[in-house]
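# here's my sequence, what's the structure:
(2 chains, ligands or ions: 1)
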Amino acid sequence: MATILIPTPLRQYAGGQSSVDATGSSVSEVLASLTSQHPALKNHLYNDEGRLRSFVNIYVNDEDIRYLDKEKTAVAAADTLSIVPSIAGGAA
Amino acid sequence: MLTEKLQIRYPTGTNVIRIEPHPWDVMLRHALDCYPRECCGIMLGTLQDGDERTVTTAIACRNSYEGDQSDRFELDPKDQLAAQRLAREQKLEVLGFFHSHPDCDSYFSATDLANSWPWYSNVVISIVGGALNRAKAFRANETQTESTEEILTWPQS
Ligand SMILES: [Zn+2]
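Next up is the predicted model:
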């Protein structure tokens, strides 16, 4: 089982937990396992078309999946997935 | 107890965020060093009584926005990954983020709101003419359609 670390704002949708164990051999499978355990997370991670939201970054260990195989990136049982928010802005 | 005093002073439901001296120094120095460009960084700390926030650590980050940084910033997700890790190791929470507005007031712009996340505190430090003008803190609602100002205190505030 891979471990998914839940950022503080999303813990309220994950039963208050800071990490959740999930099954699957790819990022998409692991995230599907996560959202089946905690359905309230789905809206916060995916848009209406079922794609990962643009302001959600997923890391497998130290690597951003955008630079790997995106949601098809392979996940092993010992891997840790992190959900990292995109934050930007400016006075303009 | 301090928390009881705060509960009396502020109405229920008001969001309170307090920045300790060391992290405030880090934040202000980063804002001054980056002037006239926007700076950005991450705040770690503790939560009391459910949602009273104390910033105990501030991490000055690189502005990774590619373009004119005088009125834009972007945090590198890698820096956030490292901050999340540090928070877990030190049993702290990532409470939010800070950035500066060079020669602009402290407000939460439409760009700030659109590129924020709910729940987190966002401290905006106004630097005018290379010196601190003021700082304010804001929090976005669930749908990122509006923000509310938090009660922010720092050592010299
Ligand atoms: Zn701003």
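
# just give me the neighbour total for residue A:15.
Neighbourhood size, residue A:15 [other CB atoms under 10 Å in any protein chain shown]: 11. Placement of C-beta: from N, CA and C, glycine included.

# that one against residue A:40, yeah?
No: assessed by CB atoms under 8 Å, residue A:15 is found out of contact with residue A:40, at 9.1 Å.

# show me what the helix or strand hosting residue B:29 packs onto, helices and strands only.
Take DSSP states H and E as the rule and residue B:29 turns out to sit in helix B:21-34. Where contact means 3 or more CB pairs under 8 Å, 6 or more residues apart in numbering or on different chains; DSSP states H and E, helix B:21-34 is packed against strand B:40-48, strand B:52-61, strand B:93-102, strand B:121-128, strand B:131-140.

# and the ones you listed: which comes nearest residue A:91?
strand B:93-102 (4.3 Å; CB to CB).

# does any bit of the helix or strand in which residue B:81 is found sit next to chain A?
According to DSSP H and E, residue B:81 maps onto helix B:77-89. Yes: using CB under 8 Å from any CB of the partner chain, helix B:77-89 reaches chain A at B:77, B:78, B:80, B:81, B:84, B:88.

# show the pLDDT at the first one.
Model confidence at residue B:77, expressed as pLDDT, equals 96.

# who's in contact with it?
A:57, A:59, A:64, A:84, A:86 (CB atoms under 8 Å, 6 or more residues apart in numbering or on different chains).

# what kind of secondary structure is residue A:3 in?
Three-state call for residue A:3 (DSSP: H, G, I helix; E, B strand; the rest coil): strand.

# hmm, back to that, could the helices and strands packed on helix B:21-34 be laid out in TSV, adding mean neighbour count and distance to the ion?
Output for the helices and strands packed on helix B:21-34, formatted as TSV (neighbours: other CB atoms under 10 Å in any protein chain shown; distance: least, CB to the ion, whole Å):
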stretch	mean neighbour count	distance to the ion
strand B:40-48	21	9
strand B:52-61	21	15
strand B:93-102	26	5
strand B:121-128	23	5
strand B:131-140	19	9
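
# between those strands, which one is nearest to chain A?
strand B:93-102 (4.3 Å; CB to the nearest CB).

# next one: whichever helix or strand comes after that closest one to chain centre, how far?
Following strand B:93-102 in sequence order, the next helix or strand is helix B:110-114 (DSSP H and E). Counting by CA atoms, centre = their mean, to the nearest Å, helix B:110-114 is centred 14 Å from the centre of its parent chain.

# pLDDT wise, what is residue 45 at?
No chain specified, so I'll use chain A. 95.

# the intended chain is chain B.
98.

# wait, isn't it in contact with residue B:52?
No: contact criterion CB under 8 Å: residue B:45 and residue B:52 do not qualify, at 10.4 Å.

# the helix holding residue B:29 to strand B:52-61, inter-axis angle?
Interaxial angle of helix B:21-34 relative to strand B:52-61 (axes from the mean of the first three to the mean of the last three CA atoms, to 10 degrees): 40 degrees.

# do helix B:21-34 and the ion meet at all?
No: Helix B:21-34 does not reach the ion (CB under 5 Å from the ion); its nearest approach is 11.6 Å.

# coming back round to it: from the contacts of residue B:77, which has minimum pLDDT?
residue A:86 (94).

# just give me the neighbour total for that one.
Neighbours of residue A:86 under the rule other CB under 10 Å: 16.
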